[in-house]
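# here are the coordinates; sequence isn't available:
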């Protein structure tokens, strides 16, 4: 056994703390000499797959980062690569700007290659052995641009140096990674070596599923025998279970540690004894995810789950390594990441590990190992969904807000299962009256949509399921009664019930009672079954009890998400519905005789704004895959042969809905009919709208707008004459009596009010904006004024303004309408492009757009003329408690200032279902 112990000094820095709140890093990258911004610069978290590129303005954002000490790498062709260190706080935003220095003189690849000679080639082979390694993994790794590496003369004798002004590009075909390595320092001598740099990992795309499986298995195997796994196991006392057996030199044993026989059994108990670290692991105070491991002397590590062709002992055919720790203390994270790598000296098998064996720090080893050993059974691949709505019942014209929580047969399969959730409203005749699709991310989905005011019956059902769940049958779907009332119906008072005991949730308020338009501060705390703090993902709604009778909200999340008991013997071979990981659309092509035919297909998207090329197979079939869009999409298909001649008609296949089974014993609260509407404005507007409708009937040749007769019509030329032609909002306000434009907070964002408007049920105080008859999307971050400013005032023919409530638009129309019509717009005109010969047009639906509920802030604006009758005072589906299980919310009461219902639902990080319903402000 050699006595030389090379020093491994790999400095990659970066690790992540596992906390409940993530952070964001943003900044701008510029040229240090000219000050110009640098677009398309690579920005990455060192030694991870987390990366981005700067936009056209040189700006970048890295979000959802785990807090802690991070190192950011920057690389750009023609500039010197750099790194910056930053400490990111939980939920914080750090700004890291950088001025990159250009190379003094940039040589072309041809010039660099021409300067390489045979001595350089010998040095390169030596460098590859030291840099990549000399084992099987290294043999399947290669440097793609070796000519960027130089080998300067070292000042010390028998030293070997390397440098690279340009990042080294590495392909690792053993682990399936491409690595871009910014080499900052490379040194090798007979006694030690060091490699210092920043690595950006990219996962390679496998050519086959078999190759994907090989890479995943190789990654898991490399991790299993890594020092990181060993230290992680030592914290939990499972090091021998993981295959790591540790030994130390026996006190008073062999005078020379290197004078041993090659039979391990002969040395055990004489020169070497078992090393037990059980009592040597201590937590770091005030840092719950850091530990100190005391390791004094030289530790011999036997990895008995591996195999080695180079045997230190004849009777130990597995990898053997040695470790010496400067100062005798290893500082590690809970996941085994070493925080003081400069103090560790490895030799033996672990010393032979180099860049080719590196795994990115965001590699989820536990998940990979679990999936590797996981049986593909129906039990393991279960997924179940629960919906939390913002209200226990609704009125026609309301918006319904909801959040979906998923439970999985195995949590590690979450990313392997469904990414599309189907949500439906079904009537008692088993007809689907509304259907939406929501994107599933990180085990949750969030959405909202309008309930048309044309819904004519009270009793409906809300259903949610994934395509994969169809394999398990209707009992696995989410299904619960959904009451939808008309404005003149009320839930009878005796239906009001006391809320049940909360499960894992408690709340406290900053005051006992609140008046009109007063700020409420509510603190929510989540607890485990053992009454300890529990980090959780929550959704919360707050309702006005004077308008919405307090009822318990649907099914219990804990019991509903309980998985079915499925025998392990049932596999996936009998399943016919695939996992839906993205939106897709299937179709086929038929010829003039109606027979399937192969063809080249061009799909024109949204009135020829884009196009997609497809091809049908011999059976005429084709699929549009991996679509990611919101709202509706127009598609115009044209099928041709290879010569460009028409080849048939394209037909889309309608998605097969899940079979509908409704329970016979559903509970719907009893209702009564009253003389007054739940919306105060509706009654006085109904007569006015009736008169308008009579007048419109007389105008047969005139196209009827959905909102009826406008209160004001402003011609486009008046907008340009009376105001700033660039700022349509202020110009319009000068032409419409009662229209007010205010600025909100320090952001200076404009908001519009029309006289007589009131807060809608969704919370918005603004009118909606329509463009050529279509409603423009208006969210909590995009106001009506923002939508108006996006329109070129020179293109406007007229603006029609409705200041009254427009019942035909449901809750959207409570605050009026601003309808913009562009010049030469004819609502009756047929689109000639889409009406061409050989084109078949369809409209398909994507994900439902989520519009956050409008948050009223009376500290910024308090309009005494407006009426605030919001039913939902607060809805937030994105709440996450801190490590103490606590989160605080604020909102404002409405003009009723009565008792409030608070509904909280969620899941703890341990998978525990949480629920609580409370009454506050009960005077």
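Noted; the coordinates are in hand. Because the structure is predicted, anything quoted here is derived from the model rather than measured. Residues are numbered from 1 along each chain as shown.
# C-alpha only now, for contacts and for neighbours.
Will do.
# can you pull out the helices in the chain?
In the chain, the helices defined using DSSP state H lie at 109-114, 118-131, 136-139, 209-224, 227-236, 264-267, 365-372, 557-560, 680-698, 716-722, 728-733, 784-789.
# now mean pLDDT, mean neighbour count and distance to residue 891 too, for those helices, in JSON lines please.
Output for these, formatted as JSON lines (pLDDT from 0 to 100; neighbours: other Cα atoms under 10 Å; distance: least, Cα to Cα, whole Å):
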{"stretch": "helix 109-114", "mean pLDDT": "53", "mean neighbour count": "11", "distance to residue 891": "61"}
{"stretch": "helix 118-131", "mean pLDDT": "90", "mean neighbour count": "15", "distance to residue 891": "58"}
{"stretch": "helix 136-139", "mean pLDDT": "88", "mean neighbour count": "17", "distance to residue 891": "57"}
{"stretch": "helix 209-224", "mean pLDDT": "88", "mean neighbour count": "17", "distance to residue 891": "48"}
{"stretch": "helix 227-236", "mean pLDDT": "89", "mean neighbour count": "20", "distance to residue 891": "44"}
{"stretch": "helix 264-267", "mean pLDDT": "85", "mean neighbour count": "14", "distance to residue 891": "70"}
{"stretch": "helix 365-372", "mean pLDDT": "75", "mean neighbour count": "16", "distance to residue 891": "39"}
{"stretch": "helix 557-560", "mean pLDDT": "91", "mean neighbour count": "16", "distance to residue 891": "25"}
{"stretch": "helix 680-698", "mean pLDDT": "48", "mean neighbour count": "13", "distance to residue 891": "23"}
{"stretch": "helix 716-722", "mean pLDDT": "71", "mean neighbour count": "17", "distance to residue 891": "38"}
{"stretch": "helix 728-733", "mean pLDDT": "80", "mean neighbour count": "22", "distance to residue 891": "29"}
{"stretch": "helix 784-789", "mean pLDDT": "82", "mean neighbour count": "19", "distance to residue 891": "22"}
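# nearest to residue 428 among the ones you listed would be which one?
helix 557-560 (22.4 Å; Cα to Cα).
# now the strands for the stretch 501-650 of the chain?
505-509, 519-526, 536-544, 583-590, 600-605, 610-615, 621-627, 632-640, 646-652 (DSSP state E, counting those that start in this stretch).
# so which of the ones you listed is the most surrounded?
With neighbours defined as mean count of other Cα atoms under 10 Å, the strands of the stretch 501-650 of the chain peak in mean count at strand 536-544, which reaches a mean of 24.
# so what touches that strand?
With Cα atoms under 8 Å, 6 or more residues apart in numbering as the test, strand 536-544 has contacts from 388, 390-391, 403, 526, 870-882, 885, 896, 898-909.
# one more: stretch 656-673?
Stretch 656-673 is contacted from outside by 428, 430, 459, 470, 474, 480-483, 488-492, 495, using Cα under 8 Å, 6+ apart.
# off-centre distance for it?
33 Å (Cα atoms, centre = their mean, to the nearest Å).
# quick one: which of the helices of the chain is nearest residue 520?
Comparison of the helices of the chain against residue 520 by Cα to Cα identifies helix 680-698 as nearest, at 25.3 Å.
# and for the spatially closest residue to residue 292 that is not a sequence neighbour, the neighbour number?
Nearest in space to residue 292, with sequence neighbours left out and distances taken as Cα to Cα, 6 or more residues apart in numbering, is residue 331 at 4.8 Å. The tally of other residues near residue 331 (other Cα atoms under 10 Å) stands at 22.
# pLDDT wise, what is residue 331 at?
For residue 331, the model assigns a pLDDT of 89.
# tell me where the stretch 1-150 of the chain has strands.
For the stretch 1-150 of the chain, strands defined by DSSP E, counting those that start in this stretch occupy the ranges 8-11, 23-31, 42-45, 51-53, 59-65, 68-75, 82-88, 93-95, 98-100, 141-143, 149-150.
# any regions of the stretch 1-150 of the chain where pLDDT drops low?
1-21, 104-116 (pLDDT under 70).
# torsion angles phi and psi at residue 173?
phi -80, psi 0 (degrees, to the nearest 10).
# my guess is it contacts residue 141. True?
Yes: Residue 173 lies in contact with residue 141 (Cα atoms under 8 Å); the separation is 5.9 Å.
# so between the two, which is more surrounded?
The neighbour count for residue 173 versus residue 141, taken as other Cα under 10 Å, is higher for residue 141 (23 against 18).
# hang on, the earlier thing: ok, of the contacts of strand 536-544, which come out buried?
388, 390-391, 403, 526, 870-877, 880-882, 885, 896, 898-908 (16 or more other Cα atoms under 10 Å).
# list the contacts for the nearest residue to residue 76 once chain neighbours are set aside?
Leaving aside its chain neighbours, residue 76 sits nearest to residue 41 (5.1 Å; criterion: Cα to Cα, 6+ apart). Counting by Cα under 8 Å, 6+ apart, residue 41 touches 29, 53, 54, 58, 74, 75, 76.
# gap between the residue nearest to residue 845 when sequence neighbours are not counted and residue 609?
Leaving aside its sequence neighbours, residue 845 sits nearest to residue 632 (Cα to Cα, 6+ apart; 4.4 Å). Distance, residue 632 to residue 609, using Cα to Cα, to the nearest Å: 14 Å.
# so what's residue 603 up against?
611, 612, 613, 614, 635, 636, 637, 638.
# try it again with 6 Å
611, 612, 636, 637 (Cα atoms under 6 Å, 6 or more residues apart in numbering).
# residue 886 too?
Going by Cα under 6 Å, 6+ apart, residue 886 touches 524, 525.
# just list whatever residues bridge to it.
residue 525 (DSSP bridges).
# repeat that for the one 4 residues further on.
The bridge-partner assignment for residue 890, based on DSSP bridges, gives residue 521.
# hmm, it is touching residue 521, no?
Yes: with contact defined as Cα atoms under 6 Å, residue 890 reaches residue 521; the gap is 4.5 Å.
# count of neighbours near residue 435?
Residue 435: 16 neighbours (other Cα under 10 Å).
# circling back to that earlier point, turn the helices of the chain into CSV, columns for distance to residue 866.
Below are those laid out as CSV (distance: least, Cα to Cα, whole Å):
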stretch, distance to residue 866
helix 109-114, 69
helix 118-131, 71
helix 136-139, 71
helix 209-224, 61
helix 227-236, 61
helix 264-267, 87
helix 365-372, 54
helix 557-560, 38
helix 680-698, 12
helix 716-722, 27
helix 728-733, 18
helix 784-789, 17
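# out of these, which comes closest to residue 596?
Nearest to residue 596, of all those, is helix 209-224, at 30.4 Å by Cα to Cα.
# next, the angle from the closest one to helix 365-372.
For helix 209-224 and helix 365-372, the angle between their directions (axes from the mean of the first three to the mean of the last three Cα atoms, to 10 degrees) works out to 130 degrees.
# by how many degrees do helix 209-224 and helix 227-236 diverge?
Using the same axes, to 10 degrees: helix 209-224 against helix 227-236 is 60 degrees.
# got a list of contacts for helix 209-224?
Helix 209-224 is touched from outside by 175, 176, 206, 369, with contacts defined as Cα under 6 Å, 6+ apart.
# next, format those residues as JSON lines and append distance to residue 537.
Shown next, in JSON lines, are these (distance: Cα to Cα, whole Å):
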{"residue": "175", "distance to residue 537": "34"}
{"residue": "176", "distance to residue 537": "34"}
{"residue": "206", "distance to residue 537": "34"}
{"residue": "369", "distance to residue 537": "26"}
